[in-house]
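> Structural data only, the sequence is not supplied:
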């Protein structure tokens, strides 16, 4: 499975539940070390073990359940990575929609940031906080 320069992790934050899911793809640290920007802004936040895509896919399915809705802020590449994690769009679980929803049309309120910038889980938690306050 090909991975681009920003494939360091996947994150998810549910709207109602405080549960969290965070995983690093195999090779994430090596990939994040390839450019100065990633080394400076992303690499310091990559914590935990690196896992194969199949294990991450199982974790995502367990985390989001049978009928999830996915929201992202400018998440086109995130959605590509999500699909690649499952072996492509056609291999997503049958009950899942083939799309995600962009949050920018929702005109979300500005909220105090949760955690450091460019940390995937902190980004998801900040987006969740804004979405809940809308």
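Thanks, I have it. These numbers come from a predicted model, not from an experiment.
> Show me the strands in the protein, by range?
Secondary structure of the chain (DSSP state E): strands at 9-13, 20-25, 50-51, 71-72, 101-102.
> So which of those strands is the most surrounded?
When you average the neighbours per residue for each of the strands of the chain (mean count of other Cβ atoms under 10 Å), strand 9-13 leads with a mean of 22. From N, CA and C alone the C-beta is placed, and that goes for glycine too.
> Now that one: average pLDDT?
Average pLDDT, strand 9-13: 47.
> Stretch 93-109 now?
Per-residue pLDDT values across stretch 93-109 average out to 90.
> What residues sit buried inside it?
96, 100, 103, 108 (16 or more other Cβ atoms under 10 Å).
> Give the other helices and strands that the longest helix seen in the chain contacts.
For the chain, the longest helix by residue count, based on DSSP state H, is helix 120-133. In terms of contact count using 3 or more Cβ pairs under 8 Å, 6 or more residues apart in numbering; DSSP states H and E, helix 120-133 is assigned the packing partners strand 9-13, strand 20-25, strand 71-72.
> Distance to residue 127 for the buried residues of stretch 93-109 - can I get that in a markdown table?
Below are the buried residues of stretch 93-109 laid out as a markdown table (distance: Cβ to Cβ, whole Å):
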| residue | distance to residue 127 |
| --- | --- |
| 96 | 20 |
| 100 | 12 |
| 103 | 6 |
| 108 | 8 |
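> and the longest helix of the chain, average pLDDT?
Mean predicted confidence for helix 120-133 is 87.
> relative to strand 20-25, how tilted is that helix?
Inter-element angle recorded for helix 120-133 and strand 20-25: 150 degrees (by axes from the mean of the first three to the mean of the last three Cα atoms, to 10 degrees).
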